[in-house]
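**Q** model this:
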Amino acid sequence: MELIKAVNDLSEDEALDFYENMFNALADKIRLKIINEISKSPNKNLCVCDLEEKLELKQSKLSYHLKKLVNANILIPEKHGTWNYYKINEEQIQVVLSEDTCCKIF
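**A** Numbers count the residues shown, from 1 in each chain. So this is what the prediction gives:
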């Protein structure tokens, strides 16, 4: 999914689909922990191996949650050698958590 800056340009159904996807991705404690750990990291990105250790999760479970966040365009993956690093897509988060979300969706 690409970054959507102007949700107001979408049809009502498209806008609802967009918000449903975003809030679904954010509505999980593990995924919120992933975002929190990345935001606390000095470089604002973390390797899968670091997330596994910090969250004490198996790679398969972690990969499932990372995929949900990447598909919602909340995280941006970057491949460095054999490891994937993830950073938060700040612009996408701002679109979802703006005042317009709760007050002026349509």
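**Q** can we go C-alpha only for contacts and neighbour counts from here?
**A** OK.
**Q** now the phi/psi pair for the spatially most central residue of the chain, please.
**A** Central residue of the chain (Cα atoms, centre = their mean): residue 74, 2.3 Å from the mean position. The phi/psi pair for residue 74 (degrees, to the nearest 10) reads phi -90, psi -40.
**Q** so which strand or helix has residue 46?
**A** For residue 46, the host element (DSSP states H and E) is strand 45-47.
**Q** quick one: name whatever helix or strand follows that strand.
**A** Using DSSP H and E, the helix or strand that follows strand 45-47 towards the C-terminus is helix 48-55.
**Q** give me the contact list for that following helix.
**A** Residues outside helix 48-55 that contact it (Cα atoms under 8 Å, 6 or more residues apart in numbering): 33-34, 37, 57-59, 62, 83-86.
**Q** put the buried members of these into a ChimeraX selection.
**A** To isolate the buried ones among the contacts of helix 48-55 in ChimeraX, judged by 16 or more other Cα atoms under 10 Å, type:
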select :34,37,62,85,86
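**Q** which ones among the contacts of helix 48-55 lie within helices?
**A** Mapping the contacts of helix 48-55 onto helices (DSSP state H) picks out 33-34, 37, 59, 62.
**Q** turn those residues into a markdown table, including pLDDT.
**A** Converted to a markdown table, those look like this (pLDDT from 0 to 100):
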| residue | pLDDT |
| --- | --- |
| 33 | 96 |
| 34 | 96 |
| 37 | 96 |
| 59 | 90 |
| 62 | 95 |
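**Q** which one of those is nearest to residue 43?
**A** Nearest to residue 43 among these, counting by Cα to Cα, is residue 37 at 11.2 Å.
**Q** how close does the closest one sit to residue 31?
**A** As judged by Cα to Cα, to the nearest Å, residue 37 and residue 31 stand 10 Å apart.
**Q** kindly report the same for residue 42.
**A** Separation of residue 42 from residue 31 (Cα to Cα): 19 Å.
**Q** I'm done for today, thanks for sticking with me.
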